[in-house]
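> Got a predicted model here, sequence first, then my questions.
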Amino acid sequence: MIWKISLYLLFVALPATVITSVATPSEPEGLIAENIYEEDVEEGIPTDGALMGSIIAPDADEIEIVATNGEATITGTTKENGEFFITGFEEGMYKVIVEATKNGQTESQVFQNVEIVTGEATAIGTVTLEE
């Protein structure tokens, strides 16, 4: 009988207490972060789009991805293996510039009219920048 009470406390009562005590919103009701509402997260509705791909730039000192739609600019960089996944995009058409800097020299590639859709990751593929 004691083991049943212990299991109840461990899996039912304790987690419910922790969840209700931690969930005290400091934002307006239902607002988790800018433009993200609890009902969207609970229902699994995506609130932004993403851009992904990989960059091959041997010995580059710095790699930067810049996306702009005329109103907003979002920047990102790659992981050590050259891959990138950037989130936070509003739906729309973007100009994406991929830049690699090596020894003060910058090489870039521009992608016009890249369509970002809410809830999807748009892939620009593999970009090779070599000097």
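The structure has been received and is ready for your questions. Residues are numbered from 1 along each chain as shown.

> going forward, measure contacts between C-alpha atoms and count neighbours the same way
Noted.

> show me the residues around the residue lying closest to residue 123 once chain neighbours are set aside that make contact.
Once flanking residues are discounted, residue 123 sits nearest to residue 52: 4.8 Å by C-alpha to C-alpha, 6 or more residues apart in numbering. Residue 52 is in contact with 83, 84, 85, 86, 121, 122, 123, 124, 125, counting by C-alpha atoms under 8 Å, 6 or more residues apart in numbering.

> Of those residues, grab the buried ones for ChimeraX.
Buried members of the contacts of residue 52, defined by 16 or more other C-alpha atoms under 10 Å, are picked up in ChimeraX with:
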select :84,85,86,121,122,123
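
> Burial check on the nearest residue to residue 117 once chain neighbours are set aside, number of neighbours?
Among residues not flanking residue 117 along the chain, residue 91 sits closest, at 4.9 Å (C-alpha to C-alpha, 6+ apart). Neighbourhood size, residue 91 [other C-alpha atoms under 10 Å]: 17.

> so residue 91 touches residue 114, yeah?
No - applying C-alpha atoms under 8 Å as the test, residue 91 and residue 114 come out as separate, 10.6 Å apart.
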